[in-house]
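Enquirer: 3D, please:
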Amino acid sequence: MLLTRIKGPRDLDRLSQEELIQLAAEIRSFLVDAVSKTGGHLGPNLGVVELTIALHRVFESPKDKVLFDTGHQAYVHKLLTGRQDFVGLRSKGGLSGYPSRAESDHDVIENSHASTVLGWADGLAKANEVLRREDHHVAAVIGDGALTGGMAWEALNNIAAAKDRPLVIVVNDNERSYGPTIGGLANHLATLRTTDGYERFLARGKEILERTPVVGKPLFETLHGAKKGLKDFIAPQGMFEDLGLKYIGPIDGHDIEALESALQRAKRFSGPVIVHCLTQKGRGYTHAEQDEADRFHGIGPIHPDTGLPIKTSAASWTSVFADEMVKLGHEREDIVGITAAMLHPVGLKKFADTFPDRIYDVGIAEQHAATSAAGLATGGVHPVFAVYATFLNRAFDQVLMDVALHKCGVTFVLDRAGVTGDDGASHNGMWDMSILQVVPGLRLAAPRDAEQLRAQLREAVEVKDAPTVVRYSKGVVGPAVPAVGKVGGMDVLRLPAPEVTRPDVLLVSVGALAPMCLEIADLLDKQGISSTVVDPRWVKPVDEAMAPLADRHRVVVTVEDNGRTGGVGAAVAQALRDAGVDVPLRDFGIPQRFLDHALRKEIMAEIGLTAPDIARQVTGLVAKLDGRFEAEPAATVD
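Expert: Predicted structure coming up:
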C-alpha cells in the first residue's frame, strides 16, 4: 500500500499523478474502516482527501503553516504527517479528533471552534512579515459553512488591507457545515459553482474578436478594460476582489493536478489569494453521500457495509428537548427556534419540519443569533436559541448587553453541558454556569432528568422579562429521579432518618449528577453520616430557602459538572455568607484546566468527580468536625 510508505509530507513528492490518485483511494478506504470502528468525523474528511494531498505537496509543513478551520477535517492531514494509528482515535491516550500540538509540529490550531482560522492566518502572516521570513508561507483552509461566521469577515477585512502580504486562503466549498450552508454568502458561492468562469469567456471572446477586421482589437481592449463589470456578470467573484483579494477558481476539489496548479499560483503571488475549491462531503462512501442530514458529519461506531449504527441508542437529552419543543410550538404561536448551523445536532429539526416559518438558521454566528433573539423578543415573540454549551461562550457580550440589559425574554438551551469527553478540551461544556453567573437577571436551570427538562423548559419560556437558560448533558438521559419533598423552589431528593435532629451534610446536587449524589448519600450513610440531598432546579439565582436549610446542617457540599471557579458552589457560598450562615462548604466540580479527550466516565474518574471519591473526602471533612482525627505525634530528637 502507498499509504504505509507515507511517513511525512515530503514522501508525497516522489509519487506520480497516478499514484496520488491511488493514494487518495487508499486513504478513503482507511478512513471508512477506521472511523466506522471508533466513531468520529467521517464525512468532512472524505471530502478533503485530494485537497489535503495537494496542500502538502505544494506547501512545506511545518515551516509553512497549513491551518484548518474547526479542525474536524484534519484526519487526512494526520495520515500524511506520520500518524496512521487510528485504533484509539478520540479515546484516552489515542489520537485527538482535532489537530493537537502535543501530537505533531504540523498541527497549529487545536481549539476546534469555527470561523477562527483566518484570524490565526492573519497573525501568522504578519509575524512572517515582521521577522522577514520571506520563504515562509501560510495556507488557511476554511469551509463555506465557517465563512458564515462574523469572525471570518473581520479577519478578511484586515487580510485584504495588506495587499503585499502573502497569504493563501482555501475555501473548501461543499455547500455544508453540519447541514446545507445557508445565507447570502452561500447563495453567492452557489452562483460561482454554477457559472462558467470569466477567464474562459474572455479567452473565447479574444479569439473571436481578434479575427474581426478593423474593430476587433479595439473592441477587445474596451471589453478587457471593463472586465470588473463583466466578471461580476459572468462569474461574480467580484465580492472577494472588491476586498482586494485575488481570486482563483472555482477548482475541482477532487482533481489533485488542478489543485496543485492553483495552489502553486497562489503561493507565488505576493499578496492575499482566495483559492475556491468545490468538494463533496462524504465523497467515495455511498452511505455518506446519500445521507441528506449531514453526510455522516459525525458518527458513532457503524457497520461499514450498511452505514447503520452498531448500537441503537436510547432516548437522549437532545431528543427529549426536540419533542417538547414541538409540543410547545403547537401550544404557542409565539415560540420560534434559532440555531447556529446545527439544526440536527441541537434537536431543532423536528420543530423546523413542523413549523418551517418559525425557525431561523443564522449560520455559524452565535453572536448574531443572540442579538437577533433580543430583537425577536422585543418584537413580541419568544425565541429559543439551542446551542452547544461551549459555543455560547462566543456570544457572552450579546447575552449580557443585548439580551439581559434590555430585559428580553430569550431562552438559551445549552446542549452538551458538562464533561462531553471524546471531542476534547474545546467541546467540554464546563464554562457556562461560571460565565453566566455574572449576568444580572439571568435565570439558569439544570434539569436532572427528562421530566425536569420538559418542566423547566416550559418554566423558562414563560419568563418574558429576562434571559433564561436550560442546560443539559450529552448522550443518553438517565432514569427519573423523583423528589420526596420541597423546600422553597428546590426539590428534596433524600431526607435523613426522622430521628436525626441536625443532619451532618446538605448535599446540593446540580443537574444530571443527581444519581451520583444519591449514591454519595448512600456511601455516607454506611459511614454513619446523615445527609439531605436537594436539587435546586434553578441554580441561578440561588434559592432563598438555601441559606436557612444550610444553617440546619453541619456542612454543605455542592456537586456540579462545571468549572469550580465561579460556578454553582461559589454562588451558594456567597449566598450563605450574605445570609450570615457560617457553615463549612466544600464544592466539587471540574478543575479549571483543559481536559484531554477520553470517555466521559474516564475523565470524571481522573478529576475525582465520582461518588466514592467525593464520599471519601466528605467523610474526612465530617471526621475533622467531630475531632476524630488525632494530631500526629511530634517528632523526637535523639
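
Enquirer: now Ile248, which residues is it bridged with?
Expert: Val275 (DSSP bridges).

Enquirer: Wait, it touches Arg265, no?
Expert: Yes - between Ile248 and Arg265 there is a contact under C-beta atoms under 8 Å: 6.2 Å. Bear in mind the C-beta positions are built from the backbone N, C-alpha and C, glycine included.

Enquirer: Name the residue in those two with the higher neighbour count.
Expert: Ile248 (21 against 15; other C-beta atoms under 10 Å).

Enquirer: quick one, what contacts that one?
Expert: Ala262, Arg265, Ala266, Val273, Ile274, Val275, His276 (C-beta atoms under 8 Å, 6 or more residues apart in numbering).

Enquirer: try 10 Å
Expert: Residues in contact with Ile248 (C-beta atoms under 10 Å, 6 or more residues apart in numbering) are 168, 170, 199, 237, 240, 261-263, 265-266, 269, 273-277.

Enquirer: in the protein, which helix or strand is least confident?
Expert: None of the helices or strands of the chain scores lower by mean pLDDT, DSSP states H and E than helix 227-234, at a mean of 41.

Enquirer: quick one on the thing from earlier: shared neighbours, Ile248 and Arg265?
Expert: Joint contacts of Ile248 and Arg265 (C-beta under 10 Å, 6+ apart) are Val168, Val273, Val275.

Enquirer: The stretch 251-400 of the chain: strands as residue ranges?
Expert: All strands of the stretch 251-400 of the chain, identified by DSSP state E, counting those that start in this stretch, fall at 272-278, 335-339, 359-361, 382-388.

Enquirer: For the third one, name the packing helices and strands.
Expert: Right, strand 359-361. Judged by 3 or more C-beta pairs under 10 Å, 6 or more residues apart in numbering; DSSP states H and E, the packing partners of strand 359-361 are strand 335-339, helix 349-354, helix 366-378.

Enquirer: thinking again about what came up before, closest one to Met325 out of the shared contacts of Ile248 and Arg265, please.
Expert: Val275 (40.6 Å; C-beta to C-beta).

Enquirer: tally of neighbours for the closest one?
Expert: 27.

Enquirer: Out of the contacts of Ile248, who's the most crowded?
Expert: Val170 (32 neighbours).

Enquirer: Return the set of buried residues in the host helix or strand of that residue.
Expert: Per DSSP states H and E: Val170 is located in strand 167-173. Buried residues in strand 167-173, counted by 16 or more other C-beta atoms under 10 Å: Leu167, Val168, Ile169, Val170, Val171, Asn172, Asp173.

Enquirer: follow-up on the earlier one: can you list the strands of the stretch 251-400 of the chain in JSON lines and add mean pLDDT and distance to His113?
Expert: Shown next, in JSON lines, are these (pLDDT from 0 to 100; distance: least, C-beta to C-beta, whole Å):
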{"stretch": "strand 272-278", "mean pLDDT": "93", "distance to His113": "22"}
{"stretch": "strand 335-339", "mean pLDDT": "97", "distance to His113": "16"}
{"stretch": "strand 359-361", "mean pLDDT": "95", "distance to His113": "18"}
{"stretch": "strand 382-388", "mean pLDDT": "97", "distance to His113": "10"}
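
Enquirer: could those be laid out in a markdown table, adding distance to Pro482?
Expert: Formatted as a markdown table, the strands of the stretch 251-400 of the chain follow (distance: least, C-beta to C-beta, whole Å):
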| stretch | distance to Pro482 |
| --- | --- |
| strand 272-278 | 55 |
| strand 335-339 | 28 |
| strand 359-361 | 34 |
| strand 382-388 | 27 |
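
Enquirer: I'd like to know which of these lies nearest to Asp449.
Expert: Comparing these by C-beta to C-beta, strand 382-388 comes nearest, at 19.0 Å.

Enquirer: partner strands of that closest one, parallel or antiparallel?
Expert: strand 335-339 (parallel), strand 411-415 (parallel).

Enquirer: which one of those strands lies closest to Thr610?
Expert: Closest among those, once you apply C-beta to C-beta, is strand 411-415, at 23.5 Å.

Enquirer: Buried ones in the closest one, by neighbour count?
Expert: Applying 16+ other C-beta under 10 Å to strand 411-415 flags Thr411, Phe412, Val413, Leu414, Asp415 as buried.

Enquirer: just stretch 284-302 next, same as before
Expert: Buried residues in stretch 284-302 (16+ other C-beta under 10 Å): 284-285, 287-289, 291, 294-299, 302.

Enquirer: Let me know the closest of those to Glu333.
Expert: Asp294 (29.6 Å).

Enquirer: pLDDT value on the closest one, please?
Expert: As predicted, Asp294 sits at a pLDDT of 73.

Enquirer: my guess is it meets Gly282, correct?
Expert: Yes - under the criterion of C-beta atoms under 10 Å, Asp294 makes contact with Gly282 at 8.9 Å.

Enquirer: quick one, what contacts Thr468?
Expert: Counting by C-beta under 10 Å, 6+ apart, the residues that Thr468 touches are 382, 384, 409-413, 441-445, 456-457, 459-462, 538, 540.

Enquirer: Could you point out which of the strands of the stretch 251-400 of the chain sits nearest Asn158?
Expert: The nearest among the strands of the stretch 251-400 of the chain, by C-beta to C-beta, is strand 272-278 at 9.9 Å.

Enquirer: what angle separates that closest one from strand 167-173?
Expert: 20 degrees (axes from the mean of the first three to the mean of the last three C-alpha atoms, to 10 degrees).

Enquirer: What score does His72 have for pLDDT?
Expert: Taking His72 on its own, its pLDDT is 88.

Enquirer: Count the neighbours of it for me.
Expert: Residue neighbour count, defined by other C-beta under 10 Å, stands at 22 for His72.

Enquirer: who's in contact with it?
Expert: 40-45, 97-99, 112, 114, 143, 297-298, 423.

Enquirer: Before I go, just wanted to say thanks for your time.
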